[in-house]
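> Below is the structure, and that's it, no one-letter string:
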């Protein structure tokens, strides 16, 4: 599983980083950045799905 | 005059609505017409479905931020020395909105606000020290109300011992002032006079690591930003950073006072805290903003006219069963929670990371010191509403 933040869609709610702090972080402006490039370790997949389900902007794409 | 039909005559300042707006919002949401209209208080539209509120937030060219409070400003606000001082970026529209917001965001990123955690925890402990021995306290007035104003004063580099004065000014704008133009104008002038002095002081004596000094020296496209912008940001930080977070802390403590099972859950499973904070924000979202319609438009079948006010009812959106299962129930470990307590789109609350930090530290510190507590009398709890909803008197015993 890979995760991506869609260009321009994030408005910095940081709810992805709250749900999955190992996978998402913040840039200097508080917008989301993906901390793990490439495939996620299996034990973080559930958290990543939760992050996707907590984004009010629907800015996260999960690629299985 | 009492409300007979909320679909055509809702009143956001009605005592019953302030006390419990959710049944009225539900009645509107589940009617054939989920966007209500009223002529009261200058007239407004009230969308109640999540999907509509989020769509309105995204369409910033039609639904502008020229006026963002739930009632119109007094006309005199557009006169005199401070006529050009707004509250950027909340009151800004694109394209200026972009730099208005970009300059302040770095102060509010999660990694930037983390430095306020220790001071906030010390402050919370000091507040509890004042009443903990008595076995009784006011979770709203003695605790929640006292926290955000001091954190914001610290951030702005102004004296925290003026916190009662600041609180009075903010309530003048966001509580009494919404239905009393004289109080609103007077409170605005006091805030702007105060920050004008602060700006003059920073120009004469620049400070290191100081938000106001930094903003005064900041440049956009090679030019120093206008002083009115900095003045407006100070105005916004005070007005938006006090009642809002205080209301979220107070409402969460009011909830926890009545839910021993949630207190126990948080005690037994501290990992729950980050998601629990989001759930409390969803259920007790304090803030309703407004937008001004730019040009005549039909939105979801509603004929909106240029100059109409639309209420961004984030608390109603957060209780929409189309988006949230069992929306009236607080589920601390709710799996999917795309709540919009902080709004959505380009105007997402700039201070959200600070607000969350304050809410978490305030609740954690309270529960560590006062693990078991209950309302003295549920009937004696008073609430403010309109723009910002939260308890103002909330006596508890422990």
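Arrived safely, thanks for sending. On a predicted model such as this, the values are computed, not experimentally measured, just so you know. Numbers count the residues shown, from 1 in each chain, chains lettered A, B, ... in the order given.

> alpha carbons only for contacts and neighbour counts from here, please
OK.

> and the end-to-end length of stretch A:32-50?
Counting by CA to CA, to the nearest Å, you get 15 Å between the two ends of stretch A:32-50.

> can you pull out the strands in chain B?
B:35-38, B:44-47, B:63-64, B:136-138, B:219-220, B:223-224, B:289-293, B:297-299, B:302-304, B:309-312, B:374-375, B:382-384, B:390-393, B:395-397 (DSSP state E).

> Nearest to residue B:348, out of those?
Across those, residue B:348 has its closest neighbour in strand B:289-293 (11.2 Å, CA to CA).

> Each with direction, which strands does that closest one pair with?
Sheet pairing for strand B:289-293, assigned by DSSP bridges, gives strand B:63-64 (antiparallel), strand B:309-312 (antiparallel).

> contact partners of it?
B:62-70, B:304-314, B:387 (CA atoms under 8 Å, 6 or more residues apart in numbering or on different chains).

> Same question for it: list its buried residues.
B:289-293 (16 or more other CA atoms under 10 Å in any protein chain shown).

> Just send the strands of chain B back as a markdown table, with distance to residue B:192 and mean pLDDT too.
Converted to a markdown table, those look like this (distance: least, CA to CA, whole Å; pLDDT from 0 to 100):
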| stretch | distance to residue B:192 | mean pLDDT |
| --- | --- | --- |
| strand B:35-38 | 32 | 98 |
| strand B:44-47 | 28 | 98 |
| strand B:63-64 | 24 | 98 |
| strand B:136-138 | 31 | 98 |
| strand B:219-220 | 22 | 97 |
| strand B:223-224 | 21 | 96 |
| strand B:289-293 | 21 | 98 |
| strand B:297-299 | 35 | 98 |
| strand B:302-304 | 33 | 97 |
| strand B:309-312 | 25 | 98 |
| strand B:374-375 | 38 | 98 |
| strand B:382-384 | 24 | 98 |
| strand B:390-393 | 25 | 98 |
| strand B:395-397 | 34 | 98 |
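
> contacting residues for the closest residue to residue B:351 other than its chain neighbours?
Closest residue to residue B:351 apart from its sequence neighbours, by CA to CA, 6 or more residues apart in numbering or on different chains: residue B:108 at 5.8 Å. If you count contacts by CA under 8 Å, 6+ apart, residue B:108 has them with A:29-30, B:350-354.

> Tell me the spacing between residue B:108 and residue B:36.
35 Å.

> for residue B:26, same thing?
11 Å.

> Which one's more surrounded, the two?
For residue B:26 versus residue B:36, neighbours defined as other CA atoms under 10 Å in any protein chain shown are more numerous around residue B:36 (21 against 17).

> show me the contacts for that one.
B:6-8, B:10, B:28, B:45-47.

> Residue B:197: neighbour count?
11.

> quick revisit: make TSV out of the buried residues of strand B:289-293 and add distance to residue B:258.
Formatted as TSV, the buried residues of strand B:289-293 follow (distance: CA to CA, whole Å):
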residue	distance to residue B:258
B:289	29
B:290	32
B:291	35
B:292	39
B:293	41
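
> Show me which residues of chain A sit near chain B.
A:11-14, A:18-19, A:26-30, A:50, A:53-57 (CA under 8 Å from any CA of the partner chain).

> switch to 10 Å and redo it
Counting by CA under 10 Å from any CA of the partner chain, the positions of chain A adjacent to chain B are A:9-15, A:17-19, A:25-31, A:47, A:49-58.

> Buried residues in stretch B:194-212, which are they?
For stretch B:194-212, the neighbour count (16+ other CA under 10 Å) marks B:195-196, B:198-199, B:202, B:206, B:211-212 as buried.

> Relative to chain A, which of those is nearest.
residue B:211 (15.5 Å; CA to the nearest CA).

> Just to check, residue B:309 is in contact with residue B:72?
Yes: the pair residue B:309 / residue B:72 is scored as a contact, 8.5 Å apart, by CA atoms under 10 Å.

> intersection of neighbour lists for these two?
Contact with both residue B:309 and residue B:72 is made by residues B:42-43, B:290, B:292, according to CA atoms under 10 Å, 6 or more residues apart in numbering or on different chains.

> Dump the residues you listed to JSON lines, plus distance to residue B:189.
Below are the shared contacts of residue B:309 and residue B:72 laid out as JSON lines (distance: CA to CA, whole Å):
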{"residue": "B:42", "distance to residue B:189": "23"}
{"residue": "B:43", "distance to residue B:189": "26"}
{"residue": "B:290", "distance to residue B:189": "22"}
{"residue": "B:292", "distance to residue B:189": "23"}
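
> of the residues you listed, closest to chain A?
Of the shared contacts of residue B:309 and residue B:72, the one sitting nearest to chain A (CA to the nearest CA) turns out to be residue B:290, at 19.0 Å.

> ok, now how distant is that closest one from residue B:55?
In this view, residue B:290 and residue B:55 are 14 Å apart by CA to CA.

> Same check on residue A:38?
33 Å.

> Check residue B:128 too.
Residue B:128 is 42 Å from residue B:55, by CA to CA.

> The two: who's more crowded?
residue B:128 (19 against 13).

> residues in contact with that one?
Neighbours of residue B:128 in contact, by CA under 10 Å, 6+ apart: B:122, B:137, B:139, B:142-143, B:365-366, B:369-370.

> now residue B:337
A:15, A:50-56, B:275, B:278-279, B:282, B:318, B:323-325.

> now with 7 Å?
The contact partners of residue B:337, by CA atoms under 7 Å, 6 or more residues apart in numbering or on different chains, come to A:53-54.

> And for the closest residue to residue B:183 other than its chain neighbours, the neighbour number?
Among residues not flanking residue B:183 along the chain, residue B:177 sits closest, at 5.0 Å (CA to CA, 6+ apart). A count of nearby residues for residue B:177, using other CA under 10 Å, gives 22.

> How much space separates residue B:177 from residue B:291?
Distance, residue B:177 to residue B:291, by CA to CA: 18 Å.

> repeat for residue B:25
19 Å.

> What is the neighbour count of residue A:60?
24.

> Skipping adjacent residues, who's closest to it in space?
Residue A:60 sits nearest to residue A:5 (CA to CA, 6+ apart), 4.7 Å away.

> how many neighbours does the one you found have?
Residue A:5, neighbours per other CA under 10 Å, totals 18.

> That one: what's it in contact with?
By CA under 7 Å, 6+ apart, the residues touching residue A:5 are A:59-61.

> For the nearest residue to residue B:356 once chain neighbours are set aside, give its distance to residue B:251.
Of all residues not flanking residue B:356 in the chain, residue B:277 sits nearest, at 7.3 Å (CA to CA, 6+ apart). According to CA to CA, residue B:277 and residue B:251 sit 12 Å apart.
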